[in-house]
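Engineer: kindly generate the corresponding structure for this input.
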Amino acid sequence: MEDLKKADGIFSNAEFNRFGLISAILLIVGCLGGLTVGMGAVEHIWTLVLIVVPTMTTLSLLLAVAPMKYIITSGIIAVFIDLVFITYYLLR
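Structural biologist: Here you go, the predicted model:
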């Protein structure tokens, strides 16, 4: 029960700091997605789709002024997928 209260507190604080977080999320997700595509994801359609869909979902949610809970969740998913593929392309 305590964890749920902490999570709600984090997301309500995120709504208060919305514009600062939007600029950071836009920079991190956009640049990391572009870097991942440039490292080799453009060579195969399935890797391109796996990277572009979560990245564009996050950027679309930012543009649509969706709740920060959705934006942060999709941003975390996009960054995780990007980091997995960057690691794969660096070790290949």
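
Engineer: centroid-nearest residue for the protein?
Structural biologist: G75 (2.3 Å; Cα atoms, centre = their mean).

Engineer: quick one: the helices in this structure?
Structural biologist: 2-16, 18-39, 45-63, 68-91 (DSSP state H).

Engineer: mind listing what's buried along the last one?
Structural biologist: Residues of helix 68-91 classed as buried: M68, I71, I72, S74, G75, A78, V79, I81, D82, F85, I86, Y89 (neighbour count, 16 or more other Cβ atoms under 10 Å). For glycine as for every other residue, the C-beta is placed from the backbone atoms N, C-alpha and C.

Engineer: show me what stretch 33-45 is in contact with.
Structural biologist: Outside of stretch 33-45, the residues within contact range by Cβ atoms under 8 Å, 6 or more residues apart in numbering are 47-48, 50-52, 55, 78, 82, 85-86, 89-90, 92.

Engineer: quick check: pLDDT value at L90.
Structural biologist: We have a pLDDT of 91 for L90.

Engineer: list the contacts for it?
Structural biologist: When contacts are counted by Cβ under 8 Å, 6+ apart, L90 touches M39.

Engineer: and the residue nearest to the centre of the chain, what does it touch?
Structural biologist: I25, I28, V29, T58.

Engineer: may I see the PyMOL selection of the buried members of those?
Structural biologist: A single PyMOL command selects the buried members of the contacts of G75 (16+ other Cβ under 10 Å):
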select buried, resi 25+29+58
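
Engineer: got the contacts of G75 as JSON lines, with pLDDT columns?
Structural biologist: Listed next are the contacts of G75 as JSON lines, based on pLDDT from 0 to 100:
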{"residue": "I25", "pLDDT": "91"}
{"residue": "I28", "pLDDT": "93"}
{"residue": "V29", "pLDDT": "94"}
{"residue": "T58", "pLDDT": "94"}
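
Engineer: what is the burial count for the closest residue to L26 other than its chain neighbours?
Structural biologist: Spatial nearest neighbour of L26, excluding adjacent residues (Cβ to Cβ, 6 or more residues apart in numbering): L62 at 6.1 Å. If you count neighbours by other Cβ atoms under 10 Å, L62 ends up with 20.
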